[in-house]
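**Student:** Quick one, structure for this:
(one chain, ligands or ions: 1)
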Amino acid sequence: MDVLEELRVFREKDIPYSRVLSSMCTIPHELAVKAHQLFIGTNLGDPGIFPGTVELERKLVAMIGELLHHKECVGYICSGGTEANIQGIRSARNVMRRKEPNIVIPKTAHFSFEKICDILCVEVRRANVDEDYKVDLAEVEKLVDDRTVAIVGIAGTTELGQIDPIVELSRLAEERNIPLHIDAAFGGFVIPFMDDPYPFDFANKGVSSITIDPHKMGMATIPAGGILFREESFLRALEVETPYLTSKMQFTLTGTRPGTGVASAYAVLKGLGFKGMKEIVKRCLRNTRILMEEMSLMGFEPVIEPVMNVVAFKTERAEEIKHELYRRRWVISTIREPKAIRFVVMSHVTEEVIKNFMSEFRKVVQWK
Ligand code: 0PR
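**Tutor:** Residues are numbered from 1 along each chain as shown. A predicted model of the protein is given here:
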């Protein structure tokens, strides 16, 4: 067998996106795929060799910065939300220079913060959430002290797509002079394109850094995460010397770093424009409502009214339903609390996909 033939056999074992209602990634936009191909082999880890790719990254950062109400922001395209969150907290820790530092995050934060706590040796304090699964401000205030180097707010929680009260968090951060990092890995490319966007970004003076991932709702190719800072000093706080490269200093976490994410994210944002992105988000939100209607007809109740294209429905049988669906090659997920099945309605989750899914889902729910 020819090696490509062999590869195809493995690839065919993967589950196609048309059966996946759990993922925050999706089929990249065709413009992203073309851009990716054009930039294969580029390495932003040695920028002197790739001045064109460097220039493109600057343009992309400014473009995303404009979307987030701060065109002059600085940052870079990284491997994903995990790296972006690590770097956001690492820079705050380095800028703040506290002994035995801690950070205050919502209980609903992504598990990348577990890694942060381990790698960066910062204590992670988890604030409770209210009945809408938004972080409780009084709790955050209680947990913050002189050793707090960052407060974290989430714009689009992993499990429910909820948005924390970032306006209030920003006020608190300003008052206490503590950097506020926003994890908008998912919501960053959703909220700005909604009809009545919640102000989650640099428009709030207390926000010092934002995670925003092109490889999620930005329709870019994997890997493409984004970390943006309000001020240059936060980027400088990440630098190490690179004695033998074409650059003197490096602020990224990884060394060798693909330019493909930069190119594919730029292609989508520039190619589709604000209007095109708005249409994608609108379709995802409409399909979320369709899924909601189908599920409520079956008697399922959402954990919260969906804020964006993530929705979870309460059921004691969540794990069992997920496993039986997986056995039938359909992928959904569950959340930690309360017991619920969760869906992410990415652009590949079309009306047709929902229809096919619901017909299988009905059989699974009635089964046993
Ligand atoms: N922050 C938030 C709010 C996230 O939801 C995620 C990932 C991250 C950070 C970390 O991002 P990276 O995975 O890019 O490092 N959220 C999804 C999750 O863990 C990612 C995902 C993507 C899950 C595709 C499944 C999947 O098929 O649930």
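**Student:** which residues in the protein form strands?
**Tutor:** 74-78, 102-106, 123-127, 148-154, 180-183, 207-211, 225-229, 240-241, 249-250, 310-314, 333-334, 340-344 (DSSP state E).
**Student:** Would you reformat the ones you listed as JSON lines and include mean neighbour count, distance to the ligand and mean pLDDT?
**Tutor:** From N, CA and C alone the C-beta is placed, and that goes for glycine too. Below are the strands of the chain laid out as JSON lines (neighbours: other C-beta atoms under 10 Å; distance: least, C-beta to the nearest ligand atom, whole Å; pLDDT from 0 to 100):
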{"stretch": "strand 74-78", "mean neighbour count": "26", "distance to the ligand": "9", "mean pLDDT": "98"}
{"stretch": "strand 102-106", "mean neighbour count": "26", "distance to the ligand": "10", "mean pLDDT": "98"}
{"stretch": "strand 123-127", "mean neighbour count": "17", "distance to the ligand": "14", "mean pLDDT": "98"}
{"stretch": "strand 148-154", "mean neighbour count": "28", "distance to the ligand": "6", "mean pLDDT": "99"}
{"stretch": "strand 180-183", "mean neighbour count": "29", "distance to the ligand": "5", "mean pLDDT": "99"}
{"stretch": "strand 207-211", "mean neighbour count": "29", "distance to the ligand": "6", "mean pLDDT": "98"}
{"stretch": "strand 225-229", "mean neighbour count": "30", "distance to the ligand": "5", "mean pLDDT": "98"}
{"stretch": "strand 240-241", "mean neighbour count": "8", "distance to the ligand": "22", "mean pLDDT": "96"}
{"stretch": "strand 249-250", "mean neighbour count": "16", "distance to the ligand": "20", "mean pLDDT": "96"}
{"stretch": "strand 310-314", "mean neighbour count": "23", "distance to the ligand": "9", "mean pLDDT": "98"}
{"stretch": "strand 333-334", "mean neighbour count": "18", "distance to the ligand": "7", "mean pLDDT": "98"}
{"stretch": "strand 340-344", "mean neighbour count": "24", "distance to the ligand": "8", "mean pLDDT": "98"}
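**Student:** Including distance to Lys363, could the ones you listed go into a markdown table?
**Tutor:** What follows is those, written out as a markdown table (distance: least, C-beta to C-beta, whole Å):
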| stretch | distance to Lys363 |
| --- | --- |
| strand 74-78 | 42 |
| strand 102-106 | 37 |
| strand 123-127 | 39 |
| strand 148-154 | 35 |
| strand 180-183 | 37 |
| strand 207-211 | 39 |
| strand 225-229 | 38 |
| strand 240-241 | 56 |
| strand 249-250 | 54 |
| strand 310-314 | 17 |
| strand 333-334 | 19 |
| strand 340-344 | 15 |
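**Student:** Now do the domain split for the chain, please.
**Tutor:** What automatic domain parsing lists as the domains of the chain is 3-26+273-366, 30-270.
**Student:** With respect to burial, which of those domains scores highest?
**Tutor:** domain 30-270 (a mean of 20; mean count of other C-beta atoms under 10 Å).
**Student:** quick one: that one to chain centroid distance?
**Tutor:** A distance of 9 Å separates the C-alpha centroid of domain 30-270 from that of its chain, computed with C-alpha atoms, centre = their mean, to the nearest Å.
**Student:** what's stretch 62-73 in contact with?
**Tutor:** Defining contact as C-beta atoms under 8 Å, 6 or more residues apart in numbering, one finds that stretch 62-73 is touched by 61, 75, 188, 192, 201-203, 210, 212, 226, 228-230, 266, 269-270.
**Student:** what distance separates the start and the end of it?
**Tutor:** One end of stretch 62-73 to the other measures 7 Å (C-alpha to C-alpha, to the nearest Å).
**Student:** what is the mean pLDDT for it?
**Tutor:** Mean pLDDT, computed over stretch 62-73, is 98.
**Student:** Just want the most central residue of this structure.
**Tutor:** Ala185 (1.9 Å; C-alpha atoms, centre = their mean).
**Student:** didn't that residue look like it was pressed against Gly88?
**Tutor:** No. Contact criterion C-beta atoms under 8 Å: Ala185 and Gly88 do not qualify, at 10.5 Å.
**Student:** where do the contact lists of the two overlap?
**Tutor:** In contact with both Ala185 and Gly88: Thr211, using C-beta under 8 Å, 6+ apart.
**Student:** just checking, Met281 touches Met194?
**Tutor:** Just to correct that, residue 281 is Val rather than Met. Yes. Contact criterion C-beta under 8 Å: Val281 and Met194 qualify, at 6.4 Å.
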